[in-house]
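1. Sequence first, predicted coordinates after that:
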Amino acid sequence: MSAFDPHKAARRRFLTQLLVGGGLSLLMLPSTLRAASRVAGVRASADSASTRLVIDLDGPLDYRIFTLTGPDRVVLDLPGVSLAAPLDVDLPGHSVASSVRSGIRDRTDLRLVVDVKGPTKPQALLLPPSEGAGFRLVVDLPHAGGVAASAVKPAEPVESSTARAADPLPRPQKSRPSAFRDLVIAIDAGHGGKDPGAVGRSGTREKDVTLAIARKLERILHNEAGFKPVLTRSTDKFISLRERTQIARRHKADMFISIHADAFYDSSARGSSVYCVSHKGSSSEAARWLANKENAADLVGGVSLGDHDDVVASVLLDLAQTAALQSSLDVGGRVLRQLGDIGDLHRREVQQAGFMVLKSPDIPSILVESAFISNPGEEQRLRTSSHQDRVAQSIFRGVHGYYANKAIDGTRFASL
C-alpha cells in the first residue's frame with residue numbers, strides 16, 4: 001500500500017465536497033447516473049469535534065439533508081434508494097448521535113433519521129468510487145451544543161483495517177504532526193515584461209504595482225504559520241495567462257490569487273473589485289479539459305478523468321468546478337469586505353467574468369482589482385508602499401478568515 005499523502009487526500013475530498021449546513025439542500029446528478037441505489041451499510045466514528053457517518057452505496061444518488069427540532073434530529077432523504085439489509089449502526093457512546101432510524105416515504109424513497117443529543121449543523125458530501133471503494137455519502141455532525149467538550153473522547157474507527165485502507169477519507173482522529181502540510185497560496189502579479197498593463201496619468205504601470213503588492217503579500221504569508229506562498233513571477237517578465245495557472249498547478253496550490261489595478265476611460269471611476277470565474281467561463285474550460293488528453297490524470301487528488309467514461313468524467317469535473325466556485329465566492333467576499341475597510345469599493349459584491357487565469361477547475365481562484373490606476377487619486381495611493389501594504393494585508397485577512405472557518409484536514413493551519 002502506498003504511503004499516505006495528506007495533500008492528495010485533502011484535495012481529493014475537496015473535489016467532491018458540496019457542503020450542506022443547516023437548512024435544506026439538494027444535490028442533483030445527471031439523469032443518466034440517477035439509477036435507483038441501495039444503501040449497503042452505515043458506519044460511524046467520532047472525535048472531540050464531530051460525529052461522522054459514512055453511508056456505503058452501490059451507485060450515485062440525489063439527496064437532501066435538513067434538521068428538525070423538538071426533539072433535535074437530522075433527516076436525510078434518499079429518493080429511489082432502498083436498504084440492502086436492516087439498518088444496524090454501531091454509534092460511539094460519546095457521539096452527538098444517539099440513534100439512526102430508517103423509513104420509507106412515498107413507497108420508493110428512503111429516509112434516514114439521526115436522533116441527536118443537541119443542535120448540530122450537518123455537512124454532507126458525495127464521494128465517487130476511488131481506490132477500491134464505491135460511492136459513499138459522508139455526513140459530519142459537529143458537536144455544537146449537543147455534547148460537552150469535556151465528555152467527548154477520540155474514537156477508534158468501527159470498520160475493519162481493510163475498509164479503512166480503501167477509504168481515502170481520513171478518520172476523524174487528529175493527524176500526526178509529521179503529516180501536516182502548509183497551505184499553498186499562488187500569488188499572481190498581473191501583466192509583466194512586454195505587457196505593462198494599464199498606465200496611469202503619472203506614468204504608473206500596472207505591472208509594477210501588482211508585483212509590489214504580490215511581494216508584500218508573499219512576505220506576510222511567509223511569516224504566518226501554516227502558509228506557503230508561491231509567486232507566478234518574482235521579476236518583471238512576461239508570462240502567458242495559461243502558464244500562470246500551470247505554475248499554480250505544479251506547486252499544488254490550494255488557492256490562486258491574481259492581483260491587478262483596474263482602468264477605465266472615465267477617470268472618475270474608483271474603488272476595488274474582486275472577481276471569480278463566470279459559469280460560462282467554467283463551461284468553456286470544462287470542454288477543453290474533457291477533450292485534452294494532457295488533463296486526463298491532472299485533476300485534484302490524483303483522480304484521473306481518463307479512468308472514467310465520458311459521463312462520469314463530466315460529473316467529476318462538474319463537482320470540482322462547483323466546489324471551487326463556491327470557495328472562490330466565499331474567499332472573494334471576505335477579501336472584498338477587507339478592501340472596503342481601507343478604501344472605496346467599485347462593486348460591493350463579488351463579480352464573475354471569464355478571466356483566463358481564473359479557469360482552473362479545481363483551485364479556488366480570485367482576481368483582485370486593487371483600485372483604478374486611471375483615477376489620479378487612486379494612482380497616487382497605488383504608488384505608495386504604505387497603501388500597497390494595506391492592500392496586501394486586506395487580501396491576507398480575507399484568506400486567513402476563509403481558512404480559519406474552513407480549515408483543510410491534514411494542514412498545519414488546521415492544527416494551530
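-> Now that the structure is in, tell me what you want to look at. Quantities reported herein were computed from a predicted structural model and do not represent experimental measurements.
2. Residue 207 and residue 190 touch, don't they?
-> Yes - judged on C-beta atoms under 8 Å, residue 207 makes contact with residue 190 at a distance of 7.0 Å. Bear in mind the C-beta positions are built from the backbone N, C-alpha and C, glycine included.
3. So which of these two has more stuff around it?
-> Under the criterion of other C-beta atoms under 10 Å, the comparison of residue 207 against residue 190 puts residue 190 first, with 28 against 24.
4. From residue 89, how far off is the spatially most central residue of the chain?
-> Among the residues of the chain, the one closest to the centroid is residue 327, at 4.7 Å (C-alpha atoms, centre = their mean). Shown here: residue 327 relative to residue 89, a distance of 31 Å by C-beta to C-beta, to the nearest Å.
5. One more: residue 241?
-> 50 Å.
6. Would you mind measuring from the residue lying closest to residue 78 once chain neighbours are set aside to residue 412?
-> In this structure, residue 78 finds its nearest non-sequential neighbour in residue 110, 4.5 Å apart by C-beta to C-beta, 6 or more residues apart in numbering. In this structure, residue 110 and residue 412 are 40 Å apart, going by C-beta to C-beta.
7. ok, those two, which is more surrounded?
-> For residue 110 against residue 412, the residue with the higher neighbour count under other C-beta under 10 Å is residue 110, and the figures read 22 against 19.
8. Can I take it that that one is in a strand?
-> Yes - counting by DSSP: H, G, I helix; E, B strand; the rest coil, residue 110 is part of a strand.
9. Provide the secondary structure category for residue 243.
-> Three-state assignment for residue 243 (three-state DSSP): helix.
10. Neighbours of it, how many?
-> By other C-beta under 10 Å, 13 other residues sit near residue 243.
11. now stretch 73-90, how far from the chain's geometric center?
-> For stretch 73-90, the separation from the chain centroid amounts to 28 Å (computed by C-alpha atoms, centre = their mean, to the nearest Å).
12. repeat for stretch 70-85
-> From the chain centre to the centre of stretch 70-85 is a distance of 27 Å (C-alpha atoms, centre = their mean).
13. before we move on, what about stretch 259-268?
-> On the basis of C-alpha atoms, centre = their mean, stretch 259-268 sits 30 Å off its chain's mean C-alpha point.
14. Give the buried residues for that stretch.
-> Neighbour-count burial for stretch 259-268, with 16 or more other C-beta atoms under 10 Å as criterion, is recorded at 259-263, 267.
15. on that earlier part again, of residue 241 and residue 89, who's got more company?
-> Summary of the neighbour comparison: residue 241 and residue 89, criterion other C-beta under 10 Å, with residue 89 having more neighbours (18 against 15).
16. Okay, and the beta partners of the residue nearest to that one when sequence neighbours are not counted?
-> Of all residues beyond its chain neighbours, the one nearest residue 89 is residue 100 (4.4 Å), with distances taken as C-beta to C-beta, 6+ apart. Taking DSSP bridges as the rule, residue 100 bridges to residue 114.
17. from what I can see residue 100 touches residue 53, true?
-> Yes - between residue 100 and residue 53 there is a contact at 7.3 Å, judged by C-beta under 8 Å.
18. Could you give the number of residues near residue 82?
-> Close neighbours of residue 82, defined as other C-beta under 10 Å, add up to 14.
19. ignore the last one, residue 104
-> Neighbours of residue 104 under the rule other C-beta under 10 Å: 12.
20. ok now do it, which residues does it touch?
-> If you count contacts by C-beta atoms under 8 Å, 6 or more residues apart in numbering, residue 104 has them with 110-111.
21. That one looks like it's in a helix, true?
-> No - in this structure, residue 104 is strand, not part of a helix, as judged by three-state DSSP.
22. if we can go back for a sec, before we move on, what SS does the residue nearest to the centre of the chain have?
-> Classified using three-state DSSP, residue 327 is helix.
23. now the helices for the stretch 51-200 of the chain?
-> Counting by DSSP state H, counting those that start in this stretch, the segments of the stretch 51-200 of the chain that form helices are 161-166.
24. Show me the shaky parts of it.
-> Low-confidence segments of the stretch 51-200 of the chain (pLDDT under 70): 130-132, 145-179.
25. so how far is residue 375 from the nearest residue to residue 260 once chain neighbours are set aside?
-> With C-beta to C-beta, 6+ apart as the criterion, residue 260 has its nearest non-adjacent residue at 4.1 Å, and that residue is residue 190. Between residue 190 and residue 375 the distance is 17 Å, computed by C-beta to C-beta.
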